[in-house]
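> coords please:
(one chain, ligands or ions: 2)
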Amino acid sequence: MQQGITLDEFLEQHSSSLPAGSGEGIRGLLADVAKACIELSELVRRGELAGVLGAAGQENVQGEEQKKLDIIANDVFIALTEGTGRLAGLASEEMDHHYPIPEQYSRGQYLLTFDPLDGSSNIDVNGATGTIFSITEHAKDAAPMDADFLQSGRSQVCAGYCLYSSASMLVLTLGNGVAGFTLDDKKAAFVLTHPNMQVPAATNEFAINAAYSEHWQAPVKQYISECVEGESGPIGKAFNMRWAGSMVGDIHRILCRGGIFMYPLDARMIKSGKQGKLRLLYEANPMGMLIEQAGGLAHTGLVPILDIEPDNLHQRVPVIMGSKEEVERVVGYHAS
Ligand code: AHM
Ligand code: MG
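Residues are numbered from 1 along each chain as shown. Ligands and ions are numbered 1, 2, ... in the order given. Okay, here's the model as predicted:
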């Protein structure tokens, strides 16, 4: 892969990685997604100057408080994709049901599922945030229903995220490795800076919100206490801990230097009938595809994330992903 080429040039060179006949449509769609990410990057950077900070004063379908930027980000994505003829529909964390393409526009053959602004509790404190997206095919002529979005992670044609941080970066997989592009603000274009991103198999860095440790289940309690025991413990390594408060921030670090990220099932979730915190379609599947494509593993503790057959648009799952050796260790603790 040639560093310094733009996302458009990269997509032109790599369209053979995409399913036969889908090259043009996917390239156009990814260009639309990139445009939306550039618009959001500008808004995030301007922050209070753009009047985008703070709460929106309403909740999403999952009862979570929405920030102004959650809603703005959702609207930007819809506005830049609905009239292109490339999408059959969109679904996001911020909408109760999928968004059908309005009748005045032609319908395309792809479905876009996305988390418009991940890590939204970081917005008001200038922390890392991001947009996560996943593209699947809609192989029917009829307009999609919610049920058409319920495709397993293995069906994703491509997936990625845009990180809004000290630099904005778009990280993408077309199912043939992972490439990272840095936003050149001056050119308003993403430029390939991180070809062939790989998650090292070994790591000594974990990411988990340790404030919930009293609620964790036995395998996670065991694993983290062994990490904290360091060199004298059973793993025999001194560990470091990081928690960005934004999955995009944490997964980006893991794609750059390795690590294990966990948002496990815990006793509070079980009590309230939830199967996890992170959403399968908007967060776990796209990030799982990126991590697997970079040589890592993405698991719930019981099954590989990408093998799950979704049963609900807003389904939540436990998430354990990153460097292979440590994910295998935690999965092993679940098995025993
Ligand atoms: P969001 O999509 O509503 O922002 O929620 C998902 C985020 C993840 O990015 C992050 O890993 C996690 O929630 C942080 O949760 P917590 O505040 O419990 O640590
Ligand atoms: Mg999120």
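> so who does whatever residue of the stretch 1-150 of the chain ends up closest to ligand 2 touch?
Nearest to ligand 2 in the stretch 1-150 of the chain, going by C-beta to the ion, is Asp118, at a distance of 3.5 Å. For glycine as for every other residue, the C-beta is placed from the backbone atoms N, C-alpha and C. Neighbouring residues of Asp118 by C-beta atoms under 8 Å, 6 or more residues apart in numbering: 129-132, 161, 246-248, 283.
> I'd say Met197 and Leu255 touch.
Yes: with contact defined as C-beta atoms under 8 Å, Met197 counts as touching Leu255 (4.8 Å).
> what touches both of the two?
When contacts are counted by C-beta under 8 Å, 6+ apart, Met197 and Leu255 are jointly contacted by 171, 178, 180, 294.
> out of those, which are buried?
Buried by 16 or more other C-beta atoms under 10 Å: 171, 178, 180, 294, out of the shared contacts of Met197 and Leu255.
> where's the last one relative to ligand 1, distance?
Computed with C-beta to the nearest ligand atom, to the nearest Å, the distance linking Ala294 and ligand 1 is 18 Å.
> got the contact list for that residue?
Contacts of Ala294 (C-beta under 8 Å, 6+ apart): 173, 177-178, 197-199, 255.
> now the residues you listed: which count as buried?
For those, buried by 16+ other C-beta under 10 Å: 173, 177-178, 197, 199, 255.
> from the residues you listed, pick the one nearest ligand 1.
The closest of the buried ones among the contacts of Ala294 to ligand 1 turns out to be Leu255 (C-beta to the nearest ligand atom; 14.9 Å).
> now do stretch 33-52: everything it contacts.
7, 53, 68-69, 72-73, 76-77, 80-81, 112, 117, 123, 126, 129, 131, 133, 160, 162, 164, 168, 170, 183, 185, 188, 190.
> now Asp124: phi and psi?
Taking degrees, to the nearest 10, you get phi -70, psi -10 for the backbone angles of Asp124.
> which parts of the stretch 101-250 of the chain sit against ligand 2?
115, 118 (C-beta under 5 Å from the ion).
> what residues does the stretch 101-250 of the chain put near ligand 1?
115, 118-121, 209, 245-247 (C-beta under 6 Å from any ligand atom).
> list the contacts of the residue of the stretch 151-300 of the chain found nearest ligand 2.
Nearest to ligand 2 in the stretch 151-300 of the chain, going by C-beta to the ion, is Glu283, at a distance of 5.1 Å. Applying C-beta under 8 Å, 6+ apart, we find Glu283 in contact with 93, 115, 118, 132, 247, 319.
> try 7 Å
Taking C-beta atoms under 7 Å, 6 or more residues apart in numbering, we find Glu283 in contact with 115, 118, 132, 247.
> where does the chain have low pLDDT?
1, 20-23 (pLDDT under 70).
> related to what we said a few turns ago, just the shared contacts of Met197 and Leu255: which are in strands?
The strands, defined by DSSP state E, take in 171, 178, 180 from those.
> quick check: bridge partners of Ala207?
Per DSSP bridges, the residues bridged to Ala207 are Phe261.
> that one is in contact with Pro264, isn't it?
No: applying C-beta atoms under 7 Å, one finds Ala207 not in contact with Pro264, separated by 11.7 Å.
> what about the longest helix along the chain, near ligand 1?
Identified as the longest helix of the chain according to DSSP state H is helix 23-46. No: using C-beta under 6 Å from any ligand atom, helix 23-46 never reaches ligand 1; the gap is at least 13.5 Å.
> pull out the buried positions in that helix.
Buried-residue list, helix 23-46, by 16+ other C-beta under 10 Å: 23, 25-34, 36-41, 43-44.
> with stretch 156-170 instead?
By 16+ other C-beta under 10 Å, the buried positions in stretch 156-170 come out as 156-165, 168-170.
> save the contacts of Asp118 as a markdown table, and put in distance to Asp146 and secondary structure too.
As requested, the contacts of Asp118 are exported to a markdown table (distance: C-beta to C-beta, whole Å; DSSP: H, G, I helix; E, B strand; the rest coil):
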| residue | distance to Asp146 | secondary structure |
| --- | --- | --- |
| Thr129 | 27 | strand |
| Gly130 | 25 | strand |
| Thr131 | 21 | strand |
| Ile132 | 19 | strand |
| Tyr161 | 23 | strand |
| Ser246 | 27 | coil |
| Met247 | 23 | helix |
| Val248 | 25 | helix |
| Glu283 | 18 | helix |
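> any idea which of those is closest to ligand 1?
Nearest to ligand 1 among those, counting by C-beta to the nearest ligand atom, is Met247 at 3.5 Å.
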